[in-house]
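Participant: show me how the following folds:
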Amino acid sequence: MPNLASLEARWIELFDELCSSHSVDSAQIAAPFFSVPATEVRSLLYIGKATAKDWNRDDFFSLSPLANMKERREQGRKFTKTFLTKYAPSYNSGFWHFAKVLNTEAAKKWNRPVKNPFQHITYTNLSKIGALKGNPRGFLLKEQRELAFETLRLEIELYKPELICFVTWDHEIDVVRRIIDDPNDASWNKAENNHWLWWRAATAKLPPILLTGHPQGKSLKDRERWLKKFWSLLPV
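Facilitator: Predicted structure coming up:
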């Protein structure tokens, strides 16, 4: 299995290919996203659909044309770290508010002081190359699908989360199915499907998993149900 650095290099190569492709408007795609581990050892993997708007685009393009692959990878990871420490904590969005709530609840269950709002959160996305408007679709989505699967599989192996939370609902659901090796969704508990919630208990290969809708715009009642299930699945 490849290491994360080699997959990050492939994301950069794919980004460069897309920027020179006639099938994608290069002015409408974000720079590739690279995940970084949570600052605490015990962590959750919090998975979104894709980055929002022009993620790292200006800084990524401002690198010297002579920058090597290592420099480009390091810049991408540094941008993620800076975003999580300086910008995400003050974002007024359902996505980041829910991440902070999960972090606080995890710290409470694990008897840890809350030192920062994402100390137990390892943030990543299903699609690592976002679109400036909405989520990636069509050719942009198709071209990154296989690499998205490979990367998420390795992130789970490397970060060893105690729980995985997809706030992606049906976005790239086939990638999720491959990750859990369940093409027919038979392993999910769907009793609260009407509240945008599926869940799975831990297995020999994977920790417990939540699959929810995107928190933005969902009702308080729905989000409270998600949180209740999160608490019941999270290991002590």
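
Participant: return the helix or strand in this structure with minimum mean pLDDT.
Facilitator: Taking mean pLDDT, DSSP states H and E as the measure, helix 57-62 is the helix or strand of the chain with the lowest mean score, a mean of 91.

Participant: next, the buried residues of the next helix or strand after that helix.
Facilitator: With elements assigned by DSSP states H and E, the helix or strand that comes after helix 57-62 is helix 69-82. Buried residues in helix 69-82, counted by 16 or more other C-beta atoms under 10 Å: 72, 73, 75, 76, 77, 79, 80. Where C-beta positions appear, they are placed from N, C-alpha and C, glycine not excepted.

Participant: my read is that residue 229 contacts residue 198, right?
Facilitator: No. Counting by C-beta atoms under 8 Å, residue 198 is not a contact partner of residue 229; they are 9.6 Å apart.

Participant: mutual contacts of these two, please.
Facilitator: 192, 210 (C-beta atoms under 8 Å, 6 or more residues apart in numbering).

Participant: tell me, how many residues neighbour residue 217?
Facilitator: For residue 217, the neighbour count with other C-beta atoms under 10 Å is 8.

Participant: in contact with it, which residues are there?
Facilitator: Residue 217 sits next to residue 94 when contact means C-beta under 8 Å, 6+ apart.

Participant: can you tell me the SS state at it?
Facilitator: Judged by DSSP: H, G, I helix; E, B strand; the rest coil, the three-state class of residue 217 is coil.

Participant: ok, and what's touching stretch 220-234?
Facilitator: Taking contacts as C-beta under 8 Å, 6+ apart, the residues outside stretch 220-234 that touch it are 44, 98, 101-102, 105-106, 109, 162-163, 165, 192, 195-197, 199, 201-202, 208, 210, 212-213, 215.

Participant: please name every helix or strand in contact with the least confident helix or strand of the chain.
Facilitator: For helix 57-62, the elements it packs on are strand 29-32, helix 69-82, judged by 3 or more C-beta pairs under 8 Å, 6 or more residues apart in numbering; DSSP states H and E.

Participant: make a markdown table out of those and add distance to residue 5 and mean pLDDT.
Facilitator: Output for the helices and strands packed on helix 57-62, formatted as a markdown table (distance: least, C-beta to C-beta, whole Å; pLDDT from 0 to 100):
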| stretch | distance to residue 5 | mean pLDDT |
| --- | --- | --- |
| strand 29-32 | 13 | 96 |
| helix 69-82 | 6 | 96 |
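
Participant: distance to residue 187 for these - can I get that in CSV?
Facilitator: Output for the helices and strands packed on helix 57-62, formatted as CSV (distance: least, C-beta to C-beta, whole Å):
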stretch, distance to residue 187
strand 29-32, 31
helix 69-82, 31
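
Participant: wait, which of those is closest to residue 185?
Facilitator: Residue 185 lies closest, by C-beta to C-beta, to one member of these: strand 29-32, at 29.4 Å.

Participant: rounded mean pLDDT for the helix or strand following the closest one, please.
Facilitator: Heading C-terminal from strand 29-32, the first helix or strand you meet, by DSSP H and E, is strand 44-48. The average pLDDT within strand 44-48 is 98.

Participant: fine by me, we can end here.
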